[in-house]
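S.K.: Need the 3D shape of this:
(2 chains)
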Amino acid sequence: DTAVSQTPKYLVTQMGNDKSIKCEQNLGHDTMYWYKQDSKKFLKIMFSYNNKELIINETVPNRFSPKSPDKAHLNLHINSLELGDSAVYFCASSQDTGGRGYTFGSGTRLTVV
Amino acid sequence: LAKTTQPISMDSYEGQEVNITCSHNNIATNDYITWYQQFPSQGPRFIIQGYKTKVTNEVASLFIPADRKSSTLSLPRVSLSDTAVYYCLVGEGRLTGGGNKLTFGTGTQLKVEL
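M.R.: Numbering: from 1, shown residues only, chains lettered A, B, ... in the order given. A predicted model of the protein is given here:
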């Protein structure tokens, strides 16, 4: 059983398109996150949701819109994709919001051409 | 947020003990120190967390001096499969209302050879 699953694993798309990445966790955690890892391997938090409520929204372009239909799901929709959006996007969840026991998904490699 | 500084890379051989030190000079009173491991094409995986002194689990040990301005992750008898990036993070152990702005640093690329 995959604890945090993301789909798709790979996504190649053209500039200007709109795409979504889905994330589901079966751990019963209350908090879910989206992180972006760039080509230099920096991992930066983008969003955090706790029980479907947006808690953290970093300085992310508003082309990025997270949606949490329930506490087990946190999807990421990206409008008008740009070359600079190319990165690996990781979904994560935690019960203890201090970072102890973050469980990450395997990532979605987004390539914008 | 407390910033962390780690060596960019380390090399080791199988069977050796590896110690990776992380500096976090402006760590706050409520901050915990957490280490994650990341293999290529995978998400980071929690290794160990501590607040002070020493913590040990089946994977690693974490040494934290009294001033808590640094910490050392110790991996006993590494193998090839321990080749990965290791991240040191500091952040609050528990928040009400959910959410935590944990910041990952650059990490340390550990390469283990035969």
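S.K.: what's the burial count for the closest residue to A:Ser5 other than its chain neighbours?
M.R.: Spatial nearest neighbour of A:Ser5, chain neighbours left out: A:Glu24 (5.4 Å); criterion: C-beta to C-beta, 6 or more residues apart in numbering or on different chains. To be clear about C-beta, it is placed using only N, CA and C from the backbone, and glycine gets the same treatment. Look at A:Glu24: counted by other C-beta atoms under 10 Å in any protein chain shown, it has 19 neighbours.
S.K.: Tell me the helices and strands packed up against whatever helix or strand B:Asp11 lives in.
M.R.: Taking DSSP states H and E as the definition, one finds B:Asp11 inside strand B:9-13. On a contact count with 3 or more C-beta pairs under 8 Å, 6 or more residues apart in numbering or on different chains; DSSP states H and E, strand B:9-13 meets strand B:18-23, strand B:108-113.
S.K.: With respect to A:Thr31, which of the ones you listed lies nearest?
M.R.: strand B:18-23 (24.2 Å; C-beta to C-beta).
S.K.: ok, the residue minimising distance to the centre of chain A - contacts?
M.R.: Centre of chain A computed as the mean C-alpha position; nearest residue by C-alpha atoms, centre = their mean is A:Trp34, 3.1 Å away. When contacts are counted by C-beta atoms under 8 Å, 6 or more residues apart in numbering or on different chains, A:Trp34 touches A:Cys23, A:Ile45, A:Met46, A:Phe47, A:Ser48, A:Pro66, A:Leu74, A:Leu76, A:Tyr89, A:Phe90, A:Cys91, A:Ala92.
S.K.: so where is chain A shaky, pLDDT-wise?
M.R.: A:1, A:96-101 (pLDDT under 70).
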